[in-house]
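1. Please find the sequence and the predicted model below.
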2 protein chains.
Amino acid sequence: MAPVKQSSVDVLIIGAGPAGLMMAAWMAKCGISTRIVDKRSTKVFNGQADGLQCRTLEIMDSLGFGHRAWRESNHILEFCMWNPDEAGLLRRGDRMADTVPGLSRFQQAVLQQGRIERFFLDEIESCSDIRVERAVMPTSLEIDEAAVDDPQAYPITVALRHLTEEEATPAQVASATKDGLYRSNLAKDDTEDLLAASKLNEKANTEEVVRAKYVLGSDGAHSWTRKQIGLALEGESTDYIWGVLDIVPITDFPDIRMRCAIHSANAGSIMIIPRENKLVRVYVQLTKTVKTGDEAGSRADRSNISPESILAEAQKILAPYTISYKTLDWWTAYQIGQRVGTQFSVHERVFLAGDAVHTHSPKAGQGMNVSMQDTFNLGWKVASVVKGQANRSILKTYQSERRKVAQDLIAFDHKFSRLFSGRPARDETDTEGIKMSDFKSTLEDNNLFVSGTKVNYGASTIVAKTGDAAAQGDGTDVSAGAEDVRLVSKEALAPGLTVGMRIPSFKVLSQADVRPWHLHELLPSNGRWRVLVFPGNVQKPEQAAQLSAVAQDFDASRSFVSRFTPADGPVDAVFEIFAVHKAQRTAVTIFDFPPVFRRLSETDGYDYDKIFVDDNSYHEEHGDIYKECSISEQGCIVVLRPDQHVSYIGPLNEPAAVTQFFSGFMIEQAK
Amino acid sequence: MAPVKQSSVDVLIIGAGPAGLMMAAWMAKCGISTRIVDKRSTKVFNGQADGLQCRTLEIMDSLGFGHRAWRESNHILEFCMWNPDEAGLLRRGDRMADTVPGLSRFQQAVLQQGRIERFFLDEIESCSDIRVERAVMPTSLEIDEAAVDDPQAYPITVALRHLTEEEATPAQVASATKDGLYRSNLAKDDTEDLLAASKLNEKANTEEVVRAKYVLGSDGAHSWTRKQIGLALEGESTDYIWGVLDIVPITDFPDIRMRCAIHSANAGSIMIIPRENKLVRVYVQLTKTVKTGDEAGSRADRSNISPESILAEAQKILAPYTISYKTLDWWTAYQIGQRVGTQFSVHERVFLAGDAVHTHSPKAGQGMNVSMQDTFNLGWKVASVVKGQANRSILKTYQSERRKVAQDLIAFDHKFSRLFSGRPARDETDTEGIKMSDFKSTLEDNNLFVSGTKVNYGASTIVAKTGDAAAQGDGTDVSAGAEDVRLVSKEALAPGLTVGMRIPSFKVLSQADVRPWHLHELLPSNGRWRVLVFPGNVQKPEQAAQLSAVAQDFDASRSFVSRFTPADGPVDAVFEIFAVHKAQRTAVTIFDFPPVFRRLSETDGYDYDKIFVDDNSYHEEHGDIYKECSISEQGCIVVLRPDQHVSYIGPLNEPAAVTQFFSGFMIEQAK
């Protein structure tokens, strides 16, 4: 046998689903040496998670492919609630916007996971050498605990086995609709099978050993990585069992192209999700499925469930409307349960994300979104630590920020699932039934939550706000240290922004060429921090003077720009500095702004892309960012993390606070 | 020598620039057997035409790649006019929107021709087997005049020679900036050189003979095709000579990222076109260039012209502002002239398009746009004749419609060039100078013209309006026949629409899923005619009754749908029928509309994509299409050509007029 190949890499990603691909995308954008492996030999599955919440679309846009998802997806605009009238007959009880208007420039959309993975793969390929290595399975993982605190160390050792094509091709691929329970949470995990198969055929395989600085386990609900590091999920299963059909429906139900929640009087509930290419996903409550055991949480009996049986239930619920199909794209069934990981990492060296640390019901369309958002949170942090820009301390915020989100999600799903699966109340006296008004108000309360735009990260070294850091997260200590050195934002300067939340997006005009840009378009995901200076009306001498003082501070050798930017790279390699003013556009030019906002390059002339104005455009609306964000006349300085979340809001006349903020976790660079 | 290969094809396109590629795109969309050849072995050139007018972007969007052009291009929003003040010092005299607001959902944009050709090639590849055959040059073209009126005949015989790589690679490719005059209109045409080279090396080449039903010559200003069919250009040259630099400028001129017209007091004029990737195109008037002869229209002396000499002139004009560069992407120089072809086709079998039939100065950014619009007009007509849907008579409208546009363009360019190249008037008494107010009003008048959205095709068999068909075009007789059988629109039913012009686009909501669509998004370029029924408020019984009568007429066996649609294809293969109503959206469902608007398929269920409503959306504005198009309460029927131009407007209570209209040129299909 040939000697085992040995190599090292900064980041090793196990599992190339959406969470793993999001991590790989960050590494590609930030130029981090990375490998990503997946035990399966094929990418595409029909069906699977496919809701895209508006924050997910914003994130995809920041990565360069939001427009592809937006263009190909089916947009969901209206949520219709159907329930029995007093005579027990199904009727449309109410309707509302599916995404709260004004929340985002995107709305909820639906597209199959295969396309989303394709966008990630294309983007990663276009900007890096990272390629997904398929049919590669890890077989052992060891951590050298003595080395975990050394930023230069490669403390994790993973053995990888290259599978044969036969081992790595799931039986389901050849005929996707034959066994819909494959990859359902009722199906048996196939990891052990694959491992056994690879052992049987040892000589045909090759094995290698990889040493890594960081490992991500984004390997699904049955996570192999999670088992290796000894972490567990906590939570429970319910008795609610649902079937799912992806069909091209033939129906006289008038709202089949709307998102619908349908509660029948006695036959159970349906959720309808209209999809791309004439497909509709129909979630059907299976009221008659027998479970395999008596105790709560025992598994359902699979043998009863088929597309035909799911359709038959759907037909009963939807009566007097009819529904049938000739085209079935995919089907599955699942038992609702909610579980969340006890920890999201060990030693901030091996991280878990996505289904590996939280499972719940798919009906809120949250699974893929929250999974991708996990690694969207983690990726830039790991990259900045690997690049020697930031201390390892910031890595603790991954668990404090994302485990809190997972806990909130589980709580939401618990409530929502019960309201969805319950029988509607017949009248005011029917206290066992679900009141439709409760269902609607839960929906309304949570439309903000599920959009992903209202995630609010707690106080930490990288979120300068008041309150207890541990209490605002999942309990992890991510505080900035003693209260007397702690920097706290002055949120009253811009009450429309919230420190810890993603900055909302409004249109601003480029001073140099009048082009309107959504603020988010100026903030692509490339690992850079942004300092947005809002100087107000620079035609006022006092505002111009303050802007000048800010520029002088930022240009000084003691400033964050100088101290934390590597001397051998571009001046904006770590920090981009923007001005967004509200003088009359035509009264000023870029030359009325200090040079820090229009740096001169010997080869490329001035930088025309850093000064923006809040004024009327010729062809699009006035973005009104000062008004929408309630930014005061005195202006303010806003620091944004590389993931667009607000870190700090402070006054124009305290520019040195920005340097104080970054001093809390950034590493001084050699001159 | 091997026997010469012989083959036949419906359409042969000679020249794979933008005009040729547009023709190929139509053929690809319509499934027509097509070959496209180009004598050059490479696609990409730096520089070249690159302005994209808003109608061009609309057309690209209808072909499926408008979003790519829009995303990659630099958008031009403002036009600034600089001229000498009373002391002779340069100052910004005025500014205005570069594209008239409200004209289109796109605005003028700039992107290099190589990218645009790439979008065409990708789209053609994605929907057909058509591939550009490069390094292939025609050597002879013969027409069998006896067969030109037979729709089934292949009357054109073309010999094609496959060149060697060496012959087909222009010397310029290796170093684009070395000789900027390559492919300028001052440069010697290279066709003869290539032909000579191929003769020298005869045995290395292969030749083949192709018989075609139709041939397009889109082979540029020195068109080989034009010479074979004995047609000529008419017009004149001026004495104005301009240099062009594509540079990354280093300058303190504050409007370098705006489109600018700069008239200096005595040193000549500049036009500035900001481009993508920090590039700026600078058009510079060369006042000191010596011509090679004395008579008007004689050629300029090339030896004086270099990037350095053009820059030196630019520096004088722009003083006291400075301009220089380190990066020169491309350069050229040209002598302004305007010429238009005497005919655009022979026998409606061999057509010419683009530079082959019109040349003019590039500064209005019209060249590539009008060229692509030529074949956007021609392509669907040729396709519908080849498919046996329409009579050959409609092919005459290509010349009547497009030669008129070329004549208008030449007249515009003549006026604009003189105003641009003239010295600005010093004061009111300086009658020899150009008044800046005249320059601005010419610009304003013509901003509509250059946008391409105001092209208005004259009366013909396919444009049902009043007036003299020959007088409204270029003189060609394209009348519908005797006045008593002629169908004339009732334009008063929708004064916001103009028969002969492209329909403007406003947002409408899909009745089935509330999604807002721009009307143009519903009209992709696939060769289909559209019948838009505007029934007004269908909650009113009289409007509902009229809609029902329209549907009944369209469904009858005597109707255009039944008579002119092939029996073996989809029911909407030739005609798509839409309803755009203005009842309250939530008061109706698709089942309140007649079946012709929601056809039922046995496999795919109902068609949810044909009924739209003019009502509020949740997240985007109210499109207000009835108001914007001034559509009366009584409603109307609008027939659109496959190129989005309005053919006919008539009342709801005359549905049979639609069949009368199509009877004028469509061919009865076998049942």
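-> Okay, I see it. Residues are numbered from 1 along each chain as shown, chains lettered A, B, ... in the order given.
2. can we go C-alpha only for contacts and neighbour counts from here?
-> Noted.
3. pLDDT score for the one residue in the stretch 501-650 of chain A that gets nearest to chain B?
-> Scanning the stretch 501-650 of chain A for the residue nearest chain B gives A:G605, at 4.2 Å (criterion: CA to the nearest CA). The predicted local distance difference test score for A:G605 is 97.
4. need the contact list for it.
-> Residues in contact with A:G605 (CA atoms under 8 Å, 6 or more residues apart in numbering or on different chains) are B:V248, B:P249, B:I250, B:T251.
5. Okay, and the beta partners of it?
-> A:S601 (DSSP bridges).
6. Tell me the residues of the stretch 201-350 of chain A that contact chain B?
-> Counting by CA under 8 Å from any CA of the partner chain, the residues of the stretch 201-350 of chain A close to chain B are A:248-251, A:254-258, A:278, A:325-327.
7. let's go with 7 Å and repeat that
-> If contact is defined as CA under 7 Å from any CA of the partner chain, the residues of the stretch 201-350 of chain A in contact with chain B are A:V248, A:P249, A:I250, A:T251, A:P254, A:D255, A:R257, A:M258, A:K326.
8. same question, chain A
-> For chain A, the residues in contact with chain B under the definition CA under 7 Å from any CA are A:75, A:77, A:97, A:101, A:248-251, A:254-255, A:257-258, A:326, A:512-515, A:589, A:603-605, A:618-619.
9. Any of these buried? List them.
-> Buried by 16 or more other CA atoms under 10 Å in any protein chain shown: A:75, A:77, A:97, A:248-251, A:255, A:257-258, A:512-515, A:604-605, A:618-619, out of those.
10. Tell me which entries of those residues lie within strands.
-> Taking DSSP state E as the definition of strands, those contribute A:H75, A:A97, A:V248, A:P249, A:I250, A:T251, A:G605.
11. Need the nearest residue in space to the fifth one, chain neighbours excluded.
-> I take that to be A:I250. B:G605 (4.2 Å; CA to CA, 6 or more residues apart in numbering or on different chains).
12. what residue lies at the spatial centre of chain A?
-> The structure's chain A has its C-alpha centroid closest to A:Q373; by CA atoms, centre = their mean the separation is 1.8 Å.
13. secondary structure element for that one?
-> For A:Q373, the enclosing helix or strand under DSSP states H and E is helix A:367-386.
14. Check which helices and strands that helix is in contact with.
-> When contacts are defined as 3 or more CA pairs under 7 Å, 6 or more residues apart in numbering or on different chains; DSSP states H and E, helix A:367-386 packs onto helix A:18-30, helix A:396-421.
15. Would you mind listing the buried residues in the last one?
-> When you say that, I think you mean helix A:396-421. For helix A:396-421, burial by neighbour count (16+ other CA under 10 Å) applies to A:396-407, A:409-410, A:412-414, A:416-417, A:419-421.
16. can you give me the mean pLDDT across that helix?
-> Averaged across helix A:396-421, pLDDT comes to 89.
17. Show me what that helix packs onto, helices and strands only.
-> Here helix A:396-421 touches strand A:323-341, helix A:367-386, going by 3+ CA pairs under 7 Å, 6+ apart.
18. Among those, which one carries the weakest average confidence?
-> Least confident of the helices and strands packed on helix A:396-421, judged by mean pLDDT, is strand A:323-341 with a mean of 90.
19. For it, buried residues please.
-> Buried residues in strand A:323-341, counted by 16+ other CA under 10 Å: A:323-325, A:328-341.
20. can you check stretch A:580-592 too?
-> Buried residues in stretch A:580-592, counted by 16+ other CA under 10 Å: A:V580, A:H581, A:K582, A:A583, A:R585, A:I590.
21. So what does A:T429 have for phi and psi?
-> The phi and psi values for A:T429, taken as degrees, to the nearest 10, are phi -80, psi -10.
22. burial count for it?
-> Neighbour count of A:T429, defined by other CA atoms under 10 Å in any protein chain shown: 8.
23. any idea how far A:M436 is from A:R92?
-> When CA to CA, to the nearest Å is applied, the distance between A:R92 and A:M436 equals 12 Å.
24. May I have the predicted confidence score for the closest residue to A:F253 other than its chain neighbours?
-> Spatial nearest neighbour of A:F253, chain neighbours left out: A:Y321 (5.5 Å); criterion: CA to CA, 6+ apart. A:Y321 is assigned 97 on the pLDDT scale.
25. A:W517 versus A:Y321, what's the distance?
-> The span separating A:Y321 from A:W517 equals 46 Å under the rule CA to CA.
26. ditto for A:E628
-> If you go by CA to CA, the gap between A:E628 and A:W517 works out to 16 Å.
27. One more: A:D615?
-> Here A:D615 is placed at a distance of 12 Å from A:W517 (CA to CA).
28. list the buried ones in the helix or strand harbouring A:E117?
-> With the criterion set as DSSP H and E, the secondary-structure element containing A:E117 is helix A:113-127. For helix A:113-127, burial by neighbour count (16+ other CA under 10 Å) applies to A:Q113, A:G114, A:R115, A:I116, A:E117, A:F119, A:F120, A:L121, A:E123, A:I124.
29. Indicate the residue of the stretch 301-450 of chain A located nearest to chain B.
-> Residue nearest to chain B within the stretch 301-450 of chain A (CA to the nearest CA): A:K326, separated by 5.5 Å.
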